[in-house]
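A.B. asks: Structure for the following, please:
(2 chains)
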There are 2 protein chains.
Amino acid sequence: MTEIPLQKSVFQRNQAQADRIRRRFAQAGLAVVNLLSSPGAGKTSLLEQTAARLAGRRRIFVVEGDLETERDADRIRAAGLPARQIQTHGACHLDAESIEQALTDVDLNAYDLLLIENIGNLICPTGFDLGEDVRVVVASTTEGDDKPHKYPEAYHASDVCVLNKIDLLPYVPFRVEAFLAAARRANPGLVFFQTSCTTGEGIDAWCEYLCALHRSPA
Amino acid sequence: MTEIPLQKSVFQRNQAQADRIRRRFAQAGLAVVNLLSSPGAGKTSLLEQTAARLAGRRRIFVVEGDLETERDADRIRAAGLPARQIQTHGACHLDAESIEQALTDVDLNAYDLLLIENIGNLICPTGFDLGEDVRVVVASTTEGDDKPHKYPEAYHASDVCVLNKIDLLPYVPFRVEAFLAAARRANPGLVFFQTSCTTGEGIDAWCEYLCALHRSPA
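C.D. replies: Numbering: from 1, shown residues only, chains lettered A, B, ... in the order given. Got it, this is the predicted structure:
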């Protein structure tokens, strides 16, 4: 038994499921964002800030992915948004099937924007389309500016890069220009935002971008 | 074709290889440490500090794992230690076979301590024994104090937890006691160190621990 045939069948099966739910999302006029990052880069904090800014402007539903606990969905609900938690119990990424199952009883027509927070992992989630329109890699200034060199696929496979925790720049050896150059080398088409969920800097620009994703029903 | 049989065969094959290289390590009197963390927690910086402290006290060899680039091995060599870089080109963890191959032409008898820096990933590496004596999970204060709740296997499967970047505690919402309690809940037997690779705090205690790992040839 070898690994390659199975790998292919897993990816092929996921792609078929992703294509199917993407059609459902399109029919409902739902814009879908898949957020990737390493653990602790600040995805949940970014969604909390987003919830506060976009309340009343967009109807948002959130899917939270974690290995264990309902903590992140609880944080999102406390921030005022409906959320569904997926617990993978050890699995290293979300897949299209898990998204479809999590949304089984959700009326997609009732929302404009679906934000999916993937498992904290810069590697495995990159291979799994979740039916999203936009993929976002969230980096943080405490991780080091070399990460796009070392995890290029996360940047190559994303549309947007949010550099978070910019309030900590005075305290960490992070060169923003070196980071941006490395990220652009992995993906020249990346759209960048620089944010701090502590000070709120840059959150408005990110939220305006999300608002512009609004899509009319197919 | 289903996923489960392959998963089992991958883990079983790795365990057989890990058992074999563990015997080689024991015959050479080599103590082996496998360091796990999320990307950017500071594993390489910790090894640089370790190199500086233990120069002349222990004969150390380092194996660096990354998806891409020779950067970390270059950093370790600049810090004065011999190092071998494994580039997995997308694979999310090191396995025993990759360690065996990386050490093919290394005289294990010439060293006391082998430090293996795993891929930056808190999930997938936990399932792969590398023939180590001690597994270390490196956390950082910028990742949030809830990580042991959300990634329990990384803590459960480790012997030691290094909490790094303690110099940033004044600037981040990280409760050390909550983190320690969560980590102990995942693994009551964890040995803890708290370090800063910027100020050097706590590095001596970590290095004394490594020195105590010295093992006589079998």
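
A.B. asks: use CA for all of it now, contacts and neighbours both
C.D. replies: Noted.

A.B. asks: Three-state assignment for the residue positioned nearest the centre of chain A, please.
C.D. replies: Ranked by distance to the mean C-alpha position of chain A (Cα atoms, centre = their mean), the top residue is A:Leu35 at 0.7 Å. On the three-state scheme (DSSP: H, G, I helix; E, B strand; the rest coil), A:Leu35 is labelled strand.

A.B. asks: does it really touch A:Asn121, like I thought?
C.D. replies: No. Taking contacts as Cα atoms under 8 Å, A:Leu35 lies outside contact range of A:Asn121: 10.7 Å.

A.B. asks: Now name the helix or strand holding A:Phe192.
C.D. replies: strand A:191-194 (DSSP states H and E).

A.B. asks: residues from chain A in reach of chain B?
C.D. replies: Contact residues (Cα under 8 Å from any Cα of the partner chain) of chain A with chain B: A:1-3, A:6, A:38-42, A:66-69, A:90-92, A:121-124, A:142-144, A:147, A:149-153, A:168, A:171.

A.B. asks: Of those, keep whichever come out buried.
C.D. replies: Neighbour counting by 16 or more other Cα atoms under 10 Å in any protein chain shown classes A:38-42, A:66-69, A:90, A:92, A:121-124, A:142-144, A:147, A:149-153, A:168 among the residues of chain A next to chain B as buried.

A.B. asks: per-residue confidence at the closest residue in space to A:Ala83 that isn't next to it in sequence?
C.D. replies: Excluding its sequence neighbours, the residue lying closest to A:Ala83 (Cα to Cα, 6 or more residues apart in numbering or on different chains) is A:Val62, at 4.6 Å. Looking at A:Val62, its pLDDT stands at 98.

A.B. asks: what do you get for the one 4 residues further on?
C.D. replies: With respect to pLDDT, A:Asp66 scores 97.

A.B. asks: Quick one: residues contacting it.
C.D. replies: Contacts for A:Asp66 (Cα atoms under 8 Å, 6 or more residues apart in numbering or on different chains) come out as A:Gln85, A:Ile86, A:Gln87, A:Thr88, A:His89, A:Asn118, A:Ile119, A:Gly120, B:Lys150.

A.B. asks: That one bridge partners, please.
C.D. replies: A:Gln87 (DSSP bridges).

A.B. asks: And it, how far from A:Thr88?
C.D. replies: Taking Cα to Cα, to the nearest Å as the measure, A:Asp66 falls 6 Å from A:Thr88.

A.B. asks: before we move on, what about A:Ala51?
C.D. replies: Counting by Cα to Cα - A:Ala51 and A:Thr88 are separated by 24 Å.

A.B. asks: and if you look at A:Phe61?
C.D. replies: In terms of Cα to Cα, A:Phe61 sits 19 Å off from A:Thr88.

A.B. asks: Settle it for me: which of those two has more neighbours?
C.D. replies: Ranked by neighbour count (other Cα atoms under 10 Å in any protein chain shown), A:Phe61 and A:Thr88 place A:Phe61 first, with 23 against 16.

A.B. asks: Show the contacting residues for the residue lying closest to the more buried one once chain neighbours are set aside.
C.D. replies: Computed as Cα to Cα, 6+ apart, the closest residue to A:Phe61 that is not its neighbour in sequence is A:Leu114, at 4.9 Å. Residues in contact with A:Leu114 (Cα under 8 Å, 6+ apart) are A:Leu30, A:Ala31, A:Val32, A:Val33, A:Ile60, A:Phe61, A:Val62, A:Val63.

A.B. asks: tally of neighbours for the fifth one?
C.D. replies: Put plainly, it is A:Ile60. 23.

A.B. asks: Run through the bridge partners of it.
C.D. replies: A:Leu113.

A.B. asks: show me what contacts it?
C.D. replies: A:Ala51, A:Leu81, A:Pro82, A:Tyr111, A:Asp112, A:Leu113, A:Leu114, A:Leu115.

A.B. asks: what about A:Asp95, neighbour count?
C.D. replies: A:Asp95 has 23 nearby residues by other Cα under 10 Å.

A.B. asks: And for A:Ala212?
C.D. replies: What A:Ala212 shows, counting by other Cα under 10 Å, is a neighbour count of 9.

A.B. asks: try A:Thr195
C.D. replies: 23.
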